[in-house]
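S.K.: compute the structure for the input listed below.
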Amino acid sequence: MIMRQARNRAKTSQALAIELGIPLLPSLVAHFLAEQLHPDPQPARPSLRPFTGRIKVFNSAVATFVAPSDPSGIGSMRREHIHVFKLDFCKVTDALATGQNDYWPVYLSIGNTHNNVRRAHRNAVELLAFLAIPKAAKKYTDNPLFRHFKKQLFHAAMTRILASLKAGMTTPQLMKCPDRHFHRIIFGIGPYIADYPEQLLISGIVQNWCGRCLAFPNDLDGGGAPRTKEFTDALIDELPLGVIWDEWGVDANVVPFTDDFPRADIRQLLAPNILHQLIKGTFKDHLVEWVGKYLELSYGKAGAKERLADIDRRIASAPPFPGLRRFPDGRGFSQWTGDDSKALMKVYLPAIEGHVPDDVVRTFRAFLEFCYITRQNVITDKTLNELKDALQRFHQYREVFRDIGVRPDGFSLPRQHSLTHYEVLIRLFGAPNGLCTSITESKHITAVKKPWRRSSKHNALGQILRMNQRLSQLAAARADFEARGPPSGTLLSDAPQFPGHRPATAARNTPGNSDAAEEENEEGVDREEDENAGIVDERPGLAHSDVVLARCPARNRAKTSQALAIELGIPLLPSLVAHFLAEQLHPDPQPARPSLRPFTGRIKVFNSAVATFVAPSDPSGIGSMRREHIHVVPSWRRGLARYDCVFVSTDDTQEGMLGMEVARVYCFFSFIHTDGQTFPCALVHWFDRIIDVPDELTGMWMVAPSFLEDGSHNLAVVHIDSIIRCAHLLPIFGKENVPTLVHCHNSLDVYRAFYVNRFADYHTYDLLPDFF
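M.R.: Residues are numbered from 1 along each chain as shown. Model prediction:
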């Protein structure tokens with residue numbers, strides 16, 4: 001069966017012969033026509049005149065045939081398309097489709113946007129261009145001329161893309177700004193975020209050299225003078241190219257694109273890259289790998305495998321925490337991602353304690369402190385001093401890897417060397433605040449991968465660009481509509497309200513309705529770690545934190561205090577509620593309180609609460625409020641129980657851990673007193689501090705479950721206003737192996753001593769300052 005006629009193809013046999021490059025085509029058609037008109041064989045055919053008539057060209061046909069294995073059964077007929085066409089187009093694929101990259105996306109962001117907005121998928125980062133990646137035959141892949149051509153093509157393309165801004169870099173341009181006023185604008189090229197291989201490309205530096213300073217590759221931490229355009233030009237003018245390459249680490253054949261623009265030097269514009277320099281580079285590729293090499297050198301392959309398996313079990317036994325990625329197999333990732341590395345950093349320190357020398361633990365601690373200080377939203381001179389101290393301790397303690405034979409050649413590694421530039425870069429460009437290539441990788445999902453999936457997969461680049469253009473226009477229109485406000489007298493506002501009508505804003509998406517989120521999680525929605533998922537734009541009127549119960553009480557739970565006491569197995573619960581009520585009604589201390597009657601009224605039980613708290617490192621900035629759910633459920637995702645731990649404020653005059661206590665919440669509930677006042681409260685099990693200072697080795701506070709003299713749990717009922725936020729506890733494993741029956745849901749019940757994980761997230765780190 002013939003398909004639809006092809007467009008823009010030949011209309012005559014002679015034209016088709018030229019198009020296909022087959023001059024004999026008209027004669028072949030004449031022979032075919034003779035055979036069709038005279039199928040009987042003839043001893044001699046007369047000379048045939050070439051066919052010169054009009055034709056129709058088709059790009060495909062459909063063949064319908066009988067399947068020989070089933071000539072008479074149902075479904076024996078088969079159909080397939082036969083494609084015959086010729087196209088000339090630039091192949092554009094994505095790593096998602098074939099694993100081959102044929103283009104290089106470049107992203108752009110303006111300089112006066114807060115980093116939280118850049119990370120929160122709010123169109124502060126836009127797709128600027130797709131740069132072609134030249135391909136050549138395999139024999140030319142390592143050809144120096146071809147490699148130089150690829151490098152210089154990148155810089156030429158970037159120059160062409162930014163050329164429209166060049167005039168505005170010297171002459172002020174009159175533009176309308178977001179404040180709806182016109183201003184004179186001077187453009188400038190800001191910091192360039194890239195991983196190390198891309199830094200080499202854009203700065204014209206040789207492998208293993210630093211793109212920012214003149215430190216020698218065999219002693220990068222020895223430091224060197226800053227690289228500048230003027231110094232590089234002087235080297236090119238005075239020295240041979242080979243000497244410049246070998247002794248100064250400069251590829252003189254590459255002219256950076258910033259040389260074509262005023263006030264721009266790419267060597268000074270290389271910005272910090274937390275993802276590739278700290279998280280993936282130093283932590284995953286260096287420190288974690290070095291631990292495995294140490295174990296192999298010390299205990300052999302079999303012993304190292306056994307100890308790494310125990311480290312994996314320790315990681316897998318980390319209790320749940322809001323936003324913390326789960327590790328059911330420890331470090332057993334099929335493919336490491338940035339989120340995997342960031343999540344592993346939070347639980348890795350206690351997991352290796354006892355298996356490695358103490359100085360290795362101190363190395364990890366110093367490095368983690370460096371990372372978390374860098375991540376703060378507000379960095380002061382005091383913070384920079386803490387940053388320098390953490391870096392100095394990291395350099396001091398990492399020498400243990402040289403002493404034990406893991407790094408006999410030293411630590412001249414470009415990614416670790418980049419840590420020495422962070423203080424200067426922070427002073428130049430401000431707090432990194434999580435700004436790194438992770439924002440472009442997340443933008444790559446919405447700007448490239450999702451549009452590619454929606455495309456027809458044929459000439460996908462044009463479709464991807466069109467989708468991005470339309471999405472940007474929709475986002476701009478939405479921002480404009482929100483700025484203008486809703487029109488008055490809309491059809492919906494004038495529509496009559498019927499009995500039983502409810503507003504469209506359902507309670508399911510409200511912040512306080514954590515039971516709804518609980519139901520979504522029970523359906524299998526796995527909410528992985530997201531740095532920006534808890535950002536709150538509004539700022540409630542509170543001093544430190546605010547905790548509210550879920551909007552709806554839990555179903556099929558106890559309705560009275562006696563029933564809840566039986567459900568939880570805590571007979572003293574009514575008496576604990578009575579003591580709580582007496583303290584709330586009579587807060588002034590009394591020499592002797594009369595015997596209190598157990599509370600026997602009705603209650604409402606809740607499976608969760610929502611904590612909205614201030615990030616201490618940014619008490620007044622954009623996105624300083626964070627929101628997280630505290631889960632207290634007898635069955636988490638239709639499995640075992642989950643009872644989260646929290647920080648409870650006990651002394652407002654003290655800072656950090658000295659002004660708080662750690663407790664494990666067994667139940668959220670509320671009740672109404674006789675005067676009509678509602679008391680939202682929580683039943684908690686207290687934890688005691690083992691010592692009143694953090695652990696010298698890990699820098700974490702140590703706590704243990706509190707018990708009374710008779711061996712029973714030290715329980716209390718507290719008002720939810722005293723709760724600050726979730727706390728994450730990690731077992732103190734010591735040198736013992738983790739039993740196979742221990743997992744994340746029962747580790748809080750099995751172990752009797754815990755670290756208060758100050759590395760659970762950046763805000764916990766700010767909440768628990770280090771006293772050393």
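S.K.: distance check, G300 against R307.
M.R.: Note on G300: its distance to R307, by Cβ to Cβ, to the nearest Å, is 11 Å. From N, CA and C alone the C-beta is placed, and that goes for glycine too.
S.K.: and these two? Which one has more around it.
M.R.: Neighbour count, other Cβ atoms under 10 Å: between G300 and R307, R307 has more, with 22 against 11.
S.K.: other SSEs contacting the strand or helix carrying that one?
M.R.: If you go by DSSP states H and E, R307 is part of helix 289-316. Secondary-structure packing of helix 289-316 (3 or more Cβ pairs under 8 Å, 6 or more residues apart in numbering; DSSP states H and E): helix 338-352.
S.K.: for the helix it packs on, packing partners?
M.R.: Contacts defined by 3+ Cβ pairs under 8 Å, 6+ apart place helix 338-352 against helix 289-316, helix 358-374, strand 729-731.
S.K.: so for H421, which of these sits nearest?
M.R.: The closest of these to H421 is helix 358-374. By Cβ to Cβ, the value is 11.7 Å.
S.K.: got any ranges where the stretch 51-200 of the chain has weak pLDDT?
M.R.: 67-79, 81-102, 114-122 (pLDDT under 70).
S.K.: which stretches of it form strands?
M.R.: Ranges of strands within the stretch 51-200 of the chain are 60-66, 77-83, 103-109, 125-132, 173-176, 182-185, based on DSSP state E, counting those that start in this stretch.
S.K.: may I have the first one as PDB, with CA atoms only?
M.R.: Taking C-alpha atoms only, strand 60-66 is exported to PDB below (Å, rounded to 0.1, in the frame of the first residue of the first chain):
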ATOM      1  CA  SER A  60       7.400   5.100   2.300                       C
ATOM      2  CA  ALA A  61       5.100   2.100   1.700                       C
ATOM      3  CA  VAL A  62       3.200  -0.300   3.900                       C
ATOM      4  CA  ALA A  63       3.700  -4.100   3.400                       C
ATOM      5  CA  THR A  64       1.000  -6.500   4.700                       C
ATOM      6  CA  PHE A  65       2.000 -10.100   4.600                       C
ATOM      7  CA  VAL A  66       1.200 -13.500   5.900                       C
END
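S.K.: and it, what's buried?
M.R.: By neighbour count on 16 or more other Cβ atoms under 10 Å, the buried set for strand 60-66 is empty.
S.K.: mean confidence for the host helix or strand of L28?
M.R.: Secondary structure from DSSP H and E places L28 in helix 25-37. For helix 25-37, mean pLDDT is 82.
S.K.: what is the burial count for K604?
M.R.: By other Cβ under 10 Å, 18 other residues sit near K604.
S.K.: so what's it bridging to?
M.R.: Residues in a beta bridge with K604, per DSSP bridges, are S670.
S.K.: my read: it touches R551, true?
M.R.: No - counting by Cβ atoms under 8 Å, K604 does not reach R551; the two are 11.4 Å apart.
S.K.: could you list every helix and strand in contact with the helix holding L28?
M.R.: helix 13-20.
S.K.: what residues sit buried inside the helix it packs on?
M.R.: In helix 13-20, counting by 16+ other Cβ under 10 Å, buried: 13-14, 16-17.
S.K.: got it, and stretch 329-347?
M.R.: Judged by neighbour count (16+ other Cβ under 10 Å), stretch 329-347 contains these buried residues: 330-331, 338-347.
S.K.: next: stretch 219-235.
M.R.: Buried, per 16+ other Cβ under 10 Å, within stretch 219-235: 220, 227, 232, 235.
S.K.: burial of D480, as a residue count?
M.R.: 9.
S.K.: what is the neighbour count of the closest residue to D251 other than its chain neighbours?
M.R.: Setting aside the residues directly before and after it, D251 is nearest to G204 in space (Cβ to Cβ, 6 or more residues apart in numbering), at 4.7 Å. The number of residues packed near G204 is 23, by other Cβ under 10 Å.
S.K.: doesn't D259 make contact with G204?
M.R.: No - G204 is beyond contact range of D259, at 9.7 Å (criterion: Cβ under 8 Å).
S.K.: quick check: the farthest pair among the buried residues of stretch 329-347?
M.R.: Farthest-apart pair in the buried residues of stretch 329-347 is G330 and G338; separation 18.2 Å (Cβ to Cβ).
S.K.: coming back round to it: and the pLDDT at the residue nearest to D251?
M.R.: 91.
S.K.: against T64, how distant is it?
M.R.: Applying Cβ to Cβ, the value for G204 to T64 is 61 Å.
S.K.: what do you get for L568?
M.R.: L568 is 70 Å from T64, where distance means Cβ to Cβ.
S.K.: could you do P23 as well?
M.R.: 34 Å.
S.K.: quickly list what V62 is bridged to.
M.R.: Applying DSSP bridges, one finds that V62 bridges with H81.
S.K.: torsion angles phi and psi at E736?
M.R.: phi -90, psi 150 (degrees, to the nearest 10).
S.K.: measure it to K166 for me?
M.R.: 66 Å.
S.K.: neighbour count: the two, which is higher?
M.R.: K166 (14 against 9).
S.K.: identify the residue spatially nearest to that one, adjacent ones excluded.
M.R.: Excluding the flanking residues, the one nearest K166 by Cβ to Cβ, 6+ apart is F261, at 6.0 Å.
S.K.: now that neighbour: how far from H417?
M.R.: 28 Å.
S.K.: what do you get for A343?
M.R.: Distance, A343 to H417, by Cβ to Cβ: 26 Å.
S.K.: same check, this time on W245
M.R.: With Cβ to Cβ as the criterion, W245 and H417 are 20 Å apart.
S.K.: which one's more surrounded, the two?
M.R.: H417 (23 against 16).
S.K.: where does the nearest residue to W636 once chain neighbours are set aside fall, phi/psi-wise?
M.R.: The spatial neighbour of W636 that comes closest, neighbours along the chain excluded (Cβ to Cβ, 6+ apart), is R642 at 3.7 Å. Here is the backbone geometry of R642 (degrees, to the nearest 10): phi -140, psi 120.
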